[in-house]
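J.: here you go, sequence then predicted model.
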Amino acid sequence: MAKFGKWIGGGLGWAVGGPIGALLGFALGSVIDKTVDIKSDDFTEKNYQTTPNDFGASLLVLVAAVMKADGKVLKSELDYVKRFFNKQFGSERTKQHMLVLRELLKKDIPLQDVCIQIKTYTMYPARLQLMHLLFGVAAVDGEVHSSELRVIKQIAAYLGIRQADYISIKAMFLKEVDGDYKILEINKNVTNEEVKKAYRRMAVKYHPDKVSHMGDEYKEAAKQKFQKMKDAYENIKKQRGMK
């Protein structure tokens, strides 16, 4: 069979542009060239089309960077990503994404360049959602490895995530001292009224409607983040005897 990888990869690189386009073009070309039973029209610019602000493409590249961080790729991590994409894009699109992801895992990822592109085209609430999903991938095996945490922290910095927001999302996945307070972005010594104000502020910031334009599955993931924030507030209320 003829090799279509370079042609397809070049087309995808043109469609999305930038470092993300280059990475996806490479990965997609590799999939096509290595899979002998694939039809030449199974992967084309038309049916694997993406854009510079494609959230799914951004997530795919960043997920690969996090999964590679500890030097091993776990089945639980792949299954987590597969479930997420399957709900969002359907089985056929997910099959394509997973094939591309496996090739991305073999590629060095220019993290800073990729994140600058994402920051340019993606609004802040969506970037917060990216962080939550990356922590979800890292934590799916029951712990977040120090190397994974280091990569996620780098991604947060490159994406322009505020330190308080990074600490808040991290506390949703890692058991930490005063973790409930960190989720609400306050310290333990604040007054009850300040706790209530913090909850109202965070309820606005993490409300699922902030990412409703991204699709039902992203909104569902945002609901999980919102629920963790509510749980933190309820825990603090119980500890303090607040009404």
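T.: Received it, and whenever you're ready, just let me know what you need.
J.: center of this protein, which residue is that?
T.: Leu130 (3.5 Å; CA atoms, centre = their mean).
J.: didn't that residue look like it was pressed against Lys119?
T.: No: checked against CB atoms under 8 Å, the pair Leu130 and Lys119 is beyond contact range at 10.4 Å. C-beta coordinates here come from the backbone N, C-alpha and C atoms, glycine included.
J.: spit out the residues that contact the two alike.
T.: Leu159 (CB atoms under 8 Å, 6 or more residues apart in numbering).
J.: can you give me the neighbour number for Asn223?
T.: For residue 223 the amino acid is Lys, not Asn. Counted by other CB atoms under 10 Å, the residues lying close to Lys223 total 14.
J.: just give the nearest non-adjacent residue to it, would you?
T.: Pro208 (4.9 Å; CB to CB, 6 or more residues apart in numbering).
J.: wait, that neighbour touches Lys219, no?
T.: Yes: with contacts counted by CB under 8 Å, Pro208 reaches Lys219, the gap being 4.9 Å.
J.: next structured bit after the helix or strand where the residue nearest to the centre of the chain lies?
T.: Under the criterion of DSSP states H and E, Leu130 resides in helix 124-139. As assigned by DSSP H and E, the chain's next helix or strand after helix 124-139 is helix 146-158.
J.: so which elements touch that following helix?
T.: Helix 146-158 sits against helix 55-68, helix 111-121, helix 124-139, helix 163-171, with contacts defined as 3 or more CB pairs under 8 Å, 6 or more residues apart in numbering; DSSP states H and E.
J.: show me what whatever helix or strand comes next after the shortest one is packed up against.
T.: By that I understand helix 163-171. Counting by DSSP H and E, the element after helix 163-171 in chain order, helix or strand, is helix 179-183. Applying 3+ CB pairs under 8 Å, 6+ apart, we find helix 179-183 packed against helix 163-171, helix 216-240.
J.: pipe those helices into a markdown table and attach mean pLDDT and distance to Asp141 per row.
T.: Shown next, in a markdown table, are the helices and strands packed on helix 179-183 (pLDDT from 0 to 100; distance: least, CB to CB, whole Å):
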| stretch | mean pLDDT | distance to Asp141 |
| --- | --- | --- |
| helix 163-171 | 94 | 17 |
| helix 216-240 | 85 | 18 |
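J.: just those helices: most buried one?
T.: Comparing those by mean neighbour count (mean count of other CB atoms under 10 Å), helix 163-171 ranks first with a mean of 19.
J.: could you list every helix and strand that it packs against?
T.: By 3+ CB pairs under 8 Å, 6+ apart, helix 163-171 packs against helix 124-139, helix 146-158, helix 179-183, helix 216-240.
J.: how about a cut-off of 10 Å?
T.: helix 124-139, helix 146-158, helix 179-183, helix 192-205, helix 216-240 (3 or more CB pairs under 10 Å, 6 or more residues apart in numbering; DSSP states H and E).
J.: neighbouring contacts of that helix?
T.: Applying CB atoms under 10 Å, 6 or more residues apart in numbering, the contact partners of helix 163-171 are 124, 127-129, 131-132, 134-135, 144, 149, 152-153, 155-157, 159, 161-162, 176-186, 202, 205-206, 225, 228-229, 232.
J.: apply 8 Å and report the result again.
T.: Outside of helix 163-171, the residues within contact range by CB under 8 Å, 6+ apart are 128, 131-132, 135, 149, 152-153, 156, 176, 179-180, 182-185, 202, 225, 229, 232.
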